[in-house]
Structure formats: structure tokens, C-alpha cells
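1. pasting a predicted model and its sequence here:
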Amino acid sequence: MANNNDKKDKLSPRKAKNFWGTLRRLLTYMSNRVWGVVLVLVLSITATIFSTLTPKILGEATTEIFRGYQEGMALRAAGETVERLPIDFDLITQILITVFVLYLSAGIFHYFQQFTMARIGQRTVYDLRKDLKAKMSRMPISYYDTHSNGDIMSRAVNDMDQIANTLQQSLTQFVQSMVQFVAVMVMMLSISVQLTVVALIIVVLSGVFVSVIAPRAQKMFAKQQKELGILNDQVEEIYSGHAVVKIYNHEETEIEKFEKQNESYYEASWKAQFLTGLMMPLISFARNIGYLAVAVLGGINVANGAMTLGNVQAFLQYVNQFSQPMRDIANLSNTIQATVASAERVFEVLDEPEMNLEHSNVESTQDSPYKIQFEHVQFGYGGPNEPLLMNDFNLDVKEGEMIAVVGPTGAGKSTLINLLERFYDIKGGSIKLNGVDTRDITREELRSHFAMVLQDTWLFNGTILENLRYGSEEHAGSEEKIYEAAKAAHVDDFVRKLPHGYDTILNEEASNLSQGQRQLITIARAFFADPEILILDEATSSVDTRTEVLIQRAMAKLLKGRTSFVIAHRLSTIRDADKIIVMDQGDVIETGNHDELMEKNGFYADLYNAQFANSETA
């Protein structure tokens, strides 16, 4: 079961370590669209001001109707006949048209503001994504070895989406709320300082309610999410291992554990919902008290002739508008904090050191008799003060030779392959391809000489044909060559029997094919690449005997006439290798062919005899 503390960390909202510095850096991505941002701000401010003006203008219509009504009633009280109240309906019509134009203008400005900001936000994140993708292609393999796939994917997808959503929605909403707060405050003060003070007291009272209840509710929600995470883990674990649970008769035990955890989740959930449900009625109560106070005081002022009825009506609308931007700003502050934290995670990747592009300054060997040369190679995965894995590694490989690499776990077999492909750079010495130090060759050109067939098959989510075509961009359009490679690797036979043949779509882990079939497809892909040098990591341990024979035949065809490095696990499969390198703790301790090494009766002979004895015993 997952560590609960880890879950709690994941569920808690992230906060930026350097808020203002990261925010400035994020905004620099928008710097070449500064006029678009200015336009968005102008549109947002204008639309908000238009919306804020309308209550007071509408209040003038109410005032005019009330004035006409009072005047008519006064005339009737004086004994005059009044057939029609003296209300200026032309003025009211003019006011309504003005309000309609203001609302329409505000709506149009809001639309263009959202449209413009959406384009700016998406283009900004597009540039950021492009930089991140380019950066990841320049990152050393060591970065991917030390960071989980989930973390990298989260930065590239989730954090980017968080930034995009905030740029195109929350940023303009934040500006809009700030403008609305100031504009409403100005309009309220222009109507009545006394009522404005009352409204501010009510807002402060609402803030007190929120500050007391919100932190407790947040803790309860965090606990609720934590308990839910544990509950989900428990359910997933039990359903995944339901067969084991049934075999050992643990159904009742697991049900008891589930009920206990479900009860914990229920307790945290209802408390969180109760506190949240309590907050809104309290805020509404404070707001209603505010309405009541404004209405009473406003009514007294109207009766005393100190205010018009229309202004009281407008002020009541402003009281409602006044609290909204404050709630929005409080909510958006957390969103912006989380967005800057997401940007910080993206910038952490962009700031990572890149692969070394320096040249070696090692003199090339003209007309070298060797395809590959390791000359006094030194290498270690750690820092400069960490011990080296390879201290003085030397190896000469002629063209067409098959080099088998054997040794116990941790001996350095995979390290040798990593250095060949320049997944890692050496700390000393030189690795040469055709007499040229590999550091003086671009990684793309270097890797065009190689193809790999690894123990862990790696196939795309796509058709079988697309996966085979991936082996060579040069011949990707030649389906005839693809079919030839498939036949050579014994892939064509079983693919033709599939309902959709080469157009069969492989799912996420290619689990709709067997392990052996997946391995044969990777061999066919290597055939199609037609490389000078092959790297093979023997992969027949998890397949049946018949499929193993097919894989061995395909590998034999693939190896013919090519320089190859074979990481051997079953020593019986590399008896025909031209040279066998026996490694231990990063160094070559024995070299020779199978017969020579067996005659030495050394490390290799012990490995071989132990493996043979184990197979005989089995």
C-alpha cells in the first residue's frame, strides 16, 4: 500500500518557492504579445466599468418614476385632477436605451477580451511546450534514470494545462475582479459615505466568518482526500489480488478493513461538508443583515430627502457586487499560487544541464582496422568525487565480429552499451567508431549506425506496420522492404493470420500479442533499420521453446555479416561468438572465445559450469 505521507503531499496544493521570480519568467513568455495583453486589460477594464455604471443609471429611472408619482399624488391631494402622472417617459426610455447599450458593449468587450486572452494564453503555452519538448531531447539519459515517468509526464501535461487555464481565464478574471472592486467602491462612495461604511463592516464580518471556518473546512477536505486515497488504494489492491484473498480465505478480514477505512472516510467527509455548508448560510446571513441595514438607513435618508430612491436601489445592487470580487480574488489567489508552482516545475526542467556537446580533442585514426575501439575508458555514474565503475577499459572490435558480453549482475554490461550509444559520456579515455572519437560525431549520426533489440520489448500504440516502419526513416515509404524484414524475422507468418494483418493496432503495452511475438517484431524492426552495428540483449527467458527457436533463428540472420554486441544471459547461446568479454565490477577480467575461456578454467568457466549444472538439475 502506498505511503500515506506521500499521498498527503500529492493532495496538498503546491506553493511556489520563488513566486515573483517565477512569475516574471512566465510573463516573459508573453512579452512578445505585450500589446495583446494591453488590449485585453483595456477591454476588461472598459467592460467592467460599463457593467458597474448601469445600476446607478437604472436608479435614475427609478428616481424619475418615484418623482412623478410623488408629484402626481401631491397634485391630487391639492384637489387637482390628474389623468396621467407627470413622469418623463422619454427620459426613462433614454435611460433604458443607455443601459442596453452599456450592457451590449460590456458583453462585446468581454467576448473579445476572452477571445484575445485565449489566443495569447494558448500561444504562450505552445511556446513553453515547444521549449520543453526541445529541452527534453537535449537532456542526458541520466535525467530520465533519476526521474520517474509519472513526474515527467505530470510536468509536461498537468502543469502545462494548469498554466494554460490560468493564463486564459484566471488572469483576466483577477484583473476584472480588482477593477470591479475599485469601481464599485467609487460608485458607492459617490452615492453615500455612510452606507459605504455600513457595507464595509458587513464585508469585514463576512471575512471573519470565512477566516474562522475556511481553514477548518480545508483541513477536513484534506483529510477527506487522504482517507479517500487510502480507500481507493485498498479497493484497487483487493480487486487486483482477489484470487489470493480467496485462496487464503481472507474475505472477512478484508471486508472488516474496508469497513473501518470507509467509516474513517465517512467521518472526514461529513465534517468537511458540514463546515462548508455552514459557511454559506453565515455569509448569506451577514449579507442579508447588510441589505437590511442599507435598506433601513437608505429609507430614512429618502424620507428625509437626503437621498433619492434610485440611489438606494443602485446601492443595494452595489452591495451585492462588492462582495463578489473579494470572494473571487480570495479563490484566485490559491489558483495563481498553484499555477506559479506549476511553472516553477516546468522551469526546473528547462534549467537542467544538457548533454555535453564538447569535442574530444582526440586525434582520429586514419584507416583504422577496427570498427569500435575502447581505449583506456574511465566512467562512473556519480559525481567527480564518486568512485568509478570503469577504471581502464580497453576493447578492439573488428568489422563483422560478434562480441558477447557476460558477467554477474552489476558487472557493467549495460554500461558498456550506454557508452557505445553515448547515452552517457565517458570520464576519461576514448571510444572510437571507424577511428573517430564518438564525441566528435553528433549523437544523431552516431546512433544511425546502431540498432538495438532489448530484453524489454518497446512498441508504440499504433499498427504493426507503423512499428516496423519506425526502424528507418530513409525507407519508411517502402512497404516491400518492411515485408521482407518481417519475413526474415518470422513475423509475417503470424501477422498475416491476424484479422487486420499489418494494420492490427497494438494497445498501450502491446498486450494483445504474446511476449514472443512482440520480441519478433522488435527484431523485424532492427532488420528494417539495416544497421552496421547491432546491440542485442538476449530476450528468450520468458517465451516458450518453439518461440525461442524462432527468435534465435531470426537473431542469427540479423547478426550475419554485421558487427554486433550481445549481452548474454544464457551462456550456451554465445558459444560461437568471435570474442567473449567477461566483465566484473566494471572491468574486463577475461577475453577470448568460448573454448579458450573454458581452457583457462577461470571466472567464465565457473559461470558456464554453474549455469549448466543448474539447468541439468532443473
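-> Here it is on my side, so go on.

2. so how far is the particular helix or strand that has residue 134 in it off the chain centroid?
-> Assessed by DSSP states H and E, residue 134 sits inside helix 89-137. Relative to its chain's centre, helix 89-137 lies at 27 Å (C-alpha atoms, centre = their mean, to the nearest Å).

3. not counting its neighbours along the chain, what's nearest residue 133?
-> Using C-beta to C-beta, 6 or more residues apart in numbering and skipping the chain neighbours, the partner closest in space to residue 133 is residue 156 (7.8 Å). Any C-beta I mention is one placed from the backbone N, CA and C, and that applies to glycine too.

4. report all helices and strands that the helix holding residue 134 contacts.
-> Under the contact definition 3 or more C-beta pairs under 8 Å, 6 or more residues apart in numbering; DSSP states H and E, helix 89-137 sits against helix 34-77, helix 159-165, helix 171-191, helix 309-350.

5. what's the first helix or strand after it?
-> helix 141-146.

6. in PDB, list the C-alpha atoms belonging to that following helix.
-> Taking Å, rounded to 0.1, in the frame of the first residue of the first chain, the C-alpha atoms of helix 141-146 are listed here in PDB:
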ATOM      1  CA  ILE A 141      19.700   9.800 -20.200                       C
ATOM      2  CA  SER A 142      20.800  10.200 -16.500                       C
ATOM      3  CA  TYR A 143      17.900  12.700 -16.000                       C
ATOM      4  CA  TYR A 144      15.400  10.100 -17.100                       C
ATOM      5  CA  ASP A 145      17.100   7.500 -15.000                       C
ATOM      6  CA  THR A 146      16.700   9.600 -11.900                       C
END
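
7. and residue 448, how many neighbours?
-> Number of residues near residue 448 (other C-beta atoms under 10 Å) recorded here: 16.

8. can you check residue 299 too?
-> Based on other C-beta under 10 Å, the number of other residues close to residue 299 is 13.

9. which elements pack onto the strand or helix carrying it?
-> Using DSSP H and E, residue 299 falls within helix 251-303. Applying 3+ C-beta pairs under 8 Å, 6+ apart, one finds that helix 251-303 contacts helix 193-240, helix 309-350.

10. so the residue located most distally from the centre of the chain, which state does it fall into?
-> For the chain, the largest distance from the centre (C-alpha atoms, centre = their mean) belongs to residue 79, which lies 80.1 Å off. Per DSSP: H, G, I helix; E, B strand; the rest coil, the local secondary structure of residue 79 is coil.

11. contacting residues around it?
-> Going by C-beta atoms under 8 Å, 6 or more residues apart in numbering, residue 79 touches no other residue.

12. quick check: domain ranges of the protein?
-> For the chain, the domain assignment from automatic domain parsing gives the residue ranges 18-188+332-355, 193-306.

13. mean pLDDT lowest where, among the ones you listed?
-> Of all the domains of the chain, domain 193-306 carries the lowest average pLDDT, namely a mean of 80.

14. span of it from start to end?
-> This stretch, domain 193-306, spans 12 Å end to end (C-alpha to C-alpha, to the nearest Å).

15. same check, this time on stretch 536-555
-> 9 Å.

16. output the helices and strands packed on helix 251-303 as CSV; include the columns distance to residue 68 and mean neighbour count.
-> Below are the helices and strands packed on helix 251-303 laid out as CSV (distance: least, C-beta to C-beta, whole Å; neighbours: other C-beta atoms under 10 Å):
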stretch, distance to residue 68, mean neighbour count
helix 193-240, 25, 16
helix 309-350, 12, 19
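
17. between the ones you listed, which gets nearest to residue 534?
-> Residue 534 lies closest, by C-beta to C-beta, to one member of those: helix 309-350, at 33.2 Å.

18. residues in contact with the helix or strand just after the closest one: which ones?
-> The first helix or strand that comes after helix 309-350 along the chain, using DSSP H and E, is strand 372-379. Strand 372-379 has contacts (C-beta under 8 Å, 6+ apart) with 365, 388-397, 415, 419-420, 424, 426-433, 435, 533, 563, 586.

19. residue 346 and residue 132 touch, don't they?
-> Yes - judged on C-beta atoms under 8 Å, residue 346 makes contact with residue 132 at a distance of 6.2 Å.

20. so what sits against both of these two?
-> By C-beta under 8 Å, 6+ apart, the residues touching both residue 346 and residue 132 are 155, 160.

21. low-confidence stretches in the stretch 451-600 of the chain?
-> For the stretch 451-600 of the chain, the stretches with pLDDT under 70 are 475-476, 508-510, 538-545, 547-548, 586.

22. circling back to that earlier point, report the angle between the helix holding residue 134 and helix 171-191.
-> 150 degrees (axes from the mean of the first three to the mean of the last three C-alpha atoms, to 10 degrees).
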